[in-house]
Each structure stands twice: as C-alpha cells, then as structure tokens.
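**Q** Show me how the following folds:
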Amino acid sequence: MEAEVRNRPSFANIHVQLNPGDRIIAEADAMASMSSSISMSTKFNGGAVQAVVKRVFGSESLFVNEFTANSPGEMVITQPFPGDIECIELKGNTMFLQPGAFLACEPGVNLGLGWAGIASFVGKEGLFRLKVSGHGRVWFGAYGGIFIREIDSEYVVDTGHLVAYEPTIGIRMGMAGGIFSSFFGGEGLVTRVTGPGRIYMQSRSMDGLAAWTNSHLW
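**A** Numbering: from 1, shown residues only. Alright, predicted model coming up:
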C-alpha cells in the first residue's frame, strides 16, 4: 500500500493506492472518495464498551471504517477542517493523540484510550487521550500547520495547540505569567510539557477560531 499526503499544509489529504488484499482503517466520515473495487466494513472503535468511553470522554467517533481492496484501487482520506496531516510509523512504540486528531492507520496499529489527567481536563483537552500502539503507519490531522519540537526540559504550549506526544512527555497546567498578565494579557492557562520526548503542535486552535468568530457576530 502506498500513501501520500497531498495539498499540505492548508488543505492536506491522504491519497492511498491499494493493491489486492491491502487494508486501511479510517475515522468515520474521513473517506472523501474511493474506487469501486474497494469494499468498506464498519466496526466499533476498539470494542463496544471502549468505543462508548472514547465517544463520551475522548470526543472520538463510536465507529471506524475498514477499507479492503479487492483489486487495485485508490482512495482519498481527509479531515473536516482545513489544516495539515502528519504520518508517523510505529515500530512497537506508543504515541498519544489529542481528541479528534486521529484520521487513519494500518491494521497492525492498536487504538486504545489513555487517562490524560485532571490537568488536561482543565486545559479543555479532555480527561482521556487516544493511545496508538503496535506496528504500522498512523495519520493524524491538525487545524493549521503542524510543527514538531524535541523537548529536553520544560516547554510552554498554549492550550488547544498540542496535537500528539510521546509517552515520556509529562503535562501540567499553569498560568502563562502572573495572575494579571495571564488573564489580562489574553493567554490565561497554558500547558507546560516536560521531556525528554517529542511533541506535535498545530499552528491554530479551534477555541481561537470560535472566539474570533463570536467577536464578529455582535
């Protein structure tokens, strides 16, 4: 199976070419187009109970779709908002994805749910995070461009901009500065991440878009 991320960074999508027998798992409603030679089946996102937990606490879809090529074909996978898409390959390791970031993966990847903690909940990122592990490629999306940082000590990320990170990364919430600066300077709470490890961030945030939109509706 060959896959290429196209039209990045603003309107990225995944162009997949499948040979007979190839399979790919995608988030519900992520398929934009596909050849008629590709069949689709729907299943719970990690089992019935876990799927419900993911839906209620992790803002993930209740179902995922598995696409299988009966003969050579192609398909396009996309996300509901404009932005970039990143691909990582797991080799027995684990990554955490923020709610809503997952797009697709190869069959050797396990989709689980991990406890994110109270700090993540306070930062409006949810109590749980998606845990991807196993072997194979994983594609995840972001609102805006994606940029990567290797964290050695502590690094400050504005809430809503963290997309994915390695299990060695620690997360806690804090104020951007003093009380006056944090709240009257517009930054408020921030996410303080500690390494070592790698994090993926998005250049835009949905909360920022919502705030900007609301300010123009009055």
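**Q** Who does Trp139 form a beta bridge with?
**A** Cys87, Ala104 (DSSP bridges).
**Q** what's the pLDDT at it?
**A** On the pLDDT scale, Trp139 is placed at 98.
**Q** In contact with it, which residues?
**A** By C-beta atoms under 8 Å, 6 or more residues apart in numbering, the contact set of Trp139 is 3, 5, 14, 77, 85-87, 103-105. In short, each C-beta sits where N, CA and C put it, glycine included.
**Q** hmm, which of the residues you listed are the buried ones?
**A** Among the contacts of Trp139, those scoring as buried are 3, 5, 14, 77, 85-86, 103-105 (criterion: 16 or more other C-beta atoms under 10 Å).
**Q** can you list the residues you listed in JSON lines and add distance to Leu111?
**A** Shown next, in JSON lines, are these (distance: C-beta to C-beta, whole Å):
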{"residue": "Ala3", "distance to Leu111": "18"}
{"residue": "Val5", "distance to Leu111": "20"}
{"residue": "Ile14", "distance to Leu111": "17"}
{"residue": "Ile77", "distance to Leu111": "16"}
{"residue": "Ile85", "distance to Leu111": "17"}
{"residue": "Glu86", "distance to Leu111": "17"}
{"residue": "Leu103", "distance to Leu111": "12"}
{"residue": "Ala104", "distance to Leu111": "11"}
{"residue": "Cys105", "distance to Leu111": "7"}
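**Q** Among the residues you listed, which one sits closest to Val156?
**A** Closest approach to Val156 among the buried ones among the contacts of Trp139 (C-beta to C-beta): Glu86, at 21.4 Å.
**Q** Excluding sequence neighbours, find me the nearest residue to that closest one.
**A** Residue nearest to Glu86 in three dimensions, not counting chain neighbours: Ile146, with 5.0 Å by C-beta to C-beta, 6 or more residues apart in numbering.
**Q** Cys105 now?
**A** Val138 (4.6 Å).
**Q** Give me the average confidence score over stretch 16-30.
**A** Mean predicted confidence for stretch 16-30 is 95.
**Q** Can you give me the end-to-end span of that stretch?
**A** Stretch 16-30 has its terminal residues 13 Å apart, counting by C-alpha to C-alpha, to the nearest Å.
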